[in-house]
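Chemist: Kindly generate the corresponding structure for this input.
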Amino acid sequence: MNNKDLQGYRVVAVHAHPDDEVLFTGGTLADMAARGADVTVITATLGEEGEVIGAPYQGLCESDQLGGFRARELSDALRILGVQGIQLGGFGYFRDSGMEGSPAHDNPRALVNRVDEAVVLLKEHFAQIQPHIVLTYGPDGGYGHPDHIAVHKAVHAAADPRQRIWWAIFERSAHYAALEQVVAPQGWAKPDQAYLDNFTNESHAVEHALSDAALAAKRAAMVAHATQIWVADATVTETNPEAAVAGIVDPEVAVGAYGLSNLLVMPLLRAEHYQLGQGEPAISLLEGL
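Modeler: Numbers count the residues shown, from 1 in each chain. The predicted structure is shown next:
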């Protein structure tokens, strides 16, 4: 039976780079879209400063072609999740700022140098869409990336004071528990405490459980971002034709595993977690709206 209990609801997720939408919120977005909600992902940059997993497309970085390639990955991922996409300002309008101290950070087109412009554009989109909830990052951007922090600032400056905003997080205790159920693929490693504590946040207000269908959509959307995410379930792609396989001890705790270009294994959880960023407290993302 098709459950369309969220028809009439409008959900917006605002993210910094292609792949953030699936890593932070992919299961939630797929679940809400499947249940009838009108779901839109607004992406600020093309992620031009990312690294590339897999040998065939390594030249994208050196030739400054990665952004266009990631735009296609994003399009594929959004289609898999069943959601709409908006590129803030148009494709290539804001540039990936890189990490603080990098040359990209000083580029006049970088998002961190144009937050006021992002606010104006987001206000226009929020006024048009009238979302019931907005999903984005907390003040630390999840793990400190300057573009994530810039998006957080822009969202809060653009949103109506009555707008309910949720901060998507990698919940610390859940990740520690799930990592105990994961055996890293050959050549990979488990992250140390310093990395995990920077990558995760303590406590949450809402745990959004993911159905098998939502998890399958999230996993497939992760695979679509093949330059950035290596799903450790033996999947191979044209972008990364090398398989990696993680051991999963208890699939009820960690349903799978993946890595980024640093080859530190991370667990795929059966839920996504949120802290309340603005609005009245609620026990679920759309409660009372």
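Chemist: chain center to stretch 255-268, what's the gap?
Modeler: Chain-centre distance of stretch 255-268: 14 Å, with CA atoms, centre = their mean, to the nearest Å.
Chemist: ends of it, how far apart?
Modeler: Length of stretch 255-268, first residue to last, CA to CA, to the nearest Å: 6 Å.
Chemist: Tell me where the chain has strands.
Modeler: Using DSSP state E, the strands of the chain run over 10-15, 38-43, 84-87, 133-136, 164-169, 182-183, 206-209, 230-231, 247-248, 256-259, 266-268, 271-278.
Chemist: Could you check the ones you listed and tell me which one is nearest Asp116?
Modeler: Of all the strands of the chain, strand 10-15 sits nearest to Asp116, with 15.8 Å by CB to CB. For the C-beta atoms, the positions are set from N, CA and C on the backbone; glycine is no exception.
Chemist: quick one: strands adjacent to the closest one?
Modeler: Sheet pairing of strand 10-15 (DSSP bridges) gives strand 38-43 (parallel), strand 133-136 (parallel).
Chemist: With respect to Ile80, which of the ones you listed lies nearest?
Modeler: Closest among those, once you apply CB to CB, is strand 38-43, at 11.9 Å.
Chemist: buried sites along that closest one?
Modeler: For strand 38-43, the neighbour count (16 or more other CB atoms under 10 Å) marks 38-43 as buried.
Chemist: can you redo the strands of the chain as a markdown table with mean pLDDT and distance to Ala217?
Modeler: A markdown table is the format used below for these (pLDDT from 0 to 100; distance: least, CB to CB, whole Å):
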| stretch | mean pLDDT | distance to Ala217 |
| --- | --- | --- |
| strand 10-15 | 98 | 14 |
| strand 38-43 | 98 | 12 |
| strand 84-87 | 98 | 15 |
| strand 133-136 | 98 | 16 |
| strand 164-169 | 98 | 16 |
| strand 182-183 | 98 | 21 |
| strand 206-209 | 98 | 14 |
| strand 230-231 | 98 | 13 |
| strand 247-248 | 98 | 19 |
| strand 256-259 | 98 | 13 |
| strand 266-268 | 98 | 12 |
| strand 271-278 | 98 | 12 |
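Chemist: Put together CSV for those strands, with distance to Asp197 on each row.
Modeler: Shown next, in CSV, are the strands of the chain (distance: least, CB to CB, whole Å):
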stretch, distance to Asp197
strand 10-15, 22
strand 38-43, 27
strand 84-87, 32
strand 133-136, 22
strand 164-169, 13
strand 182-183, 18
strand 206-209, 20
strand 230-231, 23
strand 247-248, 23
strand 256-259, 18
strand 266-268, 14
strand 271-278, 16
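Chemist: Quick one, which of the ones you listed gets closest to Ser63.
Modeler: strand 84-87 (21.1 Å).
Chemist: Generate TSV for the strands paired with strand 10-15, with distance to Leu88 as supplementary columns.
Modeler: Putting the strands paired with strand 10-15 into TSV (distance: least, CB to CB, whole Å) gives the following:
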stretch	distance to Leu88
strand 38-43	6
strand 133-136	12
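Chemist: Just tell me which of the ones you listed ends up closest to Thr227.
Modeler: strand 38-43 (15.2 Å).
Chemist: For Asn240, list the residues it contacts.
Modeler: Each residue near Asn240 by CB atoms under 8 Å, 6 or more residues apart in numbering is listed here: 53-56, 226-227, 230.
Chemist: Also Leu264?
Modeler: Leu264 touches 188-191, 195, counting by CB under 8 Å, 6+ apart.
Chemist: Closest one of those residues to Val236?
Modeler: For the contacts of Leu264, the nearest to Val236 is Trp188 (15.9 Å; CB to CB).
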